[in-house]
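[1] missing the sequence, but the structure's below:
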Ligand SMILES: Nc1ncnc2c1ncn2[C@@H]1O[C@H](COP(=O)(O)OP(=O)(O)OP(=O)(O)O)[C@@H](O)[C@H]1O
Ligand SMILES: CC(=O)N[C@H]1[C@@H]2OC[C@@H](O2)[C@@H](O)[C@@H]1O[C@H](C)C(=O)O
């Protein structure tokens, strides 16, 4: 009998750390078993932050960071295996996203770059590892992102409602599951990336826990409209973005000629995250008529009470929930998705959705690194 346990590993655009999920996957069942988050050591976080912010480094720095992240992923997985007393022989495969350091899907030579050497993961854990999960989609003309919609379809499809899954990580992305309609999914824009950068700049904190600071501010409507004029928000899908566009420099440029108090900027940035998504839902989607609409939120933003409050208020006819309310831990959905992508690759099942990424072919994503 084939092993049905898979490990998924995700470190995302927030640069906060490594999420690991253990998932039991068979042809007709996907069950979350356990999840852990391993924060990055501060110097690794700083090195990644600088690399992503400046988009430049020496080849030596890049090579060493690729190796170091490979080791960090492997050590975190081994800790996870020990903590849950797992037998590595019983793990079908590890699916590791790696760390995106640049994503450029629309240039003359489109590319997406994830680091964290998967050879090291396979060697140190003794488990077959699947990585490089985005580039095959790009080779077929796709955006290489977002990839989670296929997984969302596998676990969240419902015949009797229009369900939108919203992941609010550093960047936000949606998956639209509407009965009898093709699946749509794209990045809506910033999730937490600007919120984190702004509070770091002003209060030297990595994030605004429970929106305590944003709640003291007042939304600046004219700044909000100015931010919402960003052309990315108005581009048709398929589309994907990242820290290359939405970063502190983007925000500082937009703030020229505006002088709100820093706490008001924080409040306005929460509203930007919420409104960019609502604008995308209202202007770019056609949902099946006469069905109830549900917004299902996951990712770190699901822990932000102000974000949830604003969505509930602005989508008053909708049911606004977090995936935790469906008993699926909102912190580990992306990591679960990479376990599932590994399962698909090992079984040679297609795992991209062409209507989402724009690829010309549905294909089994990822490269297998045997141990
Ligand atoms: N209690 C909380 N209050 C407010 N914000 C929170 C809270 N907990 C987490 N967050 C936010 O969530 C972020 C982390 O989200 P997540 O782990 O989904 O990011 P990620 O995996 O890097 O994302 P992605 O790959 O989807 O861009 C933190 O940086 C922080 O901004
Ligand atoms: C290039 C890249 O790493 N993109 C991430 C990022 O983080 C959120 C959003 O932007 C999404 O497009 C994607 O991650 C998830 C896991 C995805 O591919 O679905």
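    Structure's in. What do you need? Keep in mind the model is a prediction, meaning the values are calculated, not measured. Ligands and ions are numbered 1, 2, ... in the order given.
[2] For the closest residue to residue 228 other than its chain neighbours, give me its contacts.
    Among residues not flanking residue 228 along the chain, residue 275 sits closest, at 6.1 Å (CB to CB, 6 or more residues apart in numbering). (Each C-beta comes from the backbone N, C-alpha and C, glycine too.) Applying CB atoms under 8 Å, 6 or more residues apart in numbering to residue 275 gives the contacts 224, 228, 314.
[3] now the strands: where do they sit in the protein?
    Assigned by DSSP state E, the strands in the chain fall at 5-10, 17-26, 29-39, 91-96, 99-104, 111-115, 129-131, 162-168, 171-177, 184-190, 293-298, 319-322, 367-369.
[4] Serialize the ones you listed to TSV and add fields for mean neighbour count.
    Formatted as TSV, the strands of the chain follow (neighbours: other CB atoms under 10 Å):
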stretch	mean neighbour count
strand 5-10	27
strand 17-26	22
strand 29-39	16
strand 91-96	28
strand 99-104	21
strand 111-115	18
strand 129-131	29
strand 162-168	26
strand 171-177	26
strand 184-190	27
strand 293-298	23
strand 319-322	18
strand 367-369	17
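[5] and of the contacts of residue 275, the nearest to residue 357?
    Nearest to residue 357 among the contacts of residue 275 is residue 228, at 25.1 Å by CB to CB.
[6] can you pull the pLDDT of the residue nearest to residue 228?
    pLDDT for residue 275: 98.
[7] related to what we said a few turns ago, which PyMOL command selects the buried ones in the contacts of residue 275?
    Buried residues within the contacts of residue 275, by 16 or more other CB atoms under 10 Å, are selected in PyMOL with:
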select buried, resi 224
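[8] how near is the residue in the stretch 151-300 of the chain that ligand 2 sits nearest to to ligand 1?
    Sorted by distance to ligand 2 under CB to the nearest ligand atom, the residues of the stretch 151-300 of the chain start with residue 171, at 3.6 Å. The gap separating residue 171 from ligand 1 is 5 Å, by CB to the nearest ligand atom, to the nearest Å.
[9] Residue 364 is in contact with residue 150, isn't it?
    No - counting by CB atoms under 8 Å, residue 364 stays clear of residue 150, with 11.0 Å between them.
[10] what do those two both touch?
    Here residue 364 and residue 150 share the contacting residues residue 351, scored by CB under 8 Å, 6+ apart.
[11] Neighbour count for the two, which is higher?
    Between residue 364 and residue 150, counted using other CB atoms under 10 Å, the more crowded position is residue 150 (24 against 17).
[12] Ignoring the adjacent residues along the chain, who's closest to the more buried one?
    residue 353 is the one closest to residue 150 (CB to CB, 6+ apart), at 5.0 Å.
[13] And residue 124, by the same measure?
    Residue 124's closest residue in space is residue 74 (CB to CB, 6+ apart), at 3.6 Å.
[14] is ligand 2 contacted by stretch 223-243?
    Yes - using CB under 6 Å from any ligand atom, stretch 223-243 reaches ligand 2 at 240, 242.
[15] just to revisit the earlier point, tell me the one among the contacts of residue 275 nearest to residue 90.
    Of the contacts of residue 275, the one sitting nearest to residue 90 (CB to CB) turns out to be residue 314, at 46.3 Å.
[16] Correct me if wrong: that closest one contacts residue 273.
    No - using CB under 8 Å, residue 314 is not in contact with residue 273; the gap is 11.8 Å.
[17] can you list the domain ranges for the protein.
    5-144+334-369, 148-326 (automatic domain parsing).
[18] Please see if the shortest one touches ligand 2.
    Right, the one you point to is domain 5-144+334-369. Yes - looking at domain 5-144+334-369 against ligand 2 by CB under 6 Å from any ligand atom, the contacts come from 12, 13, 100, 103, 112, 334.
[19] Can you get me the start-to-end distance on that domain?
    17 Å (CA to CA, to the nearest Å).
[20] go on, the longest one?
    Domain 148-326 has an end-to-end distance of 18 Å (CA to CA).
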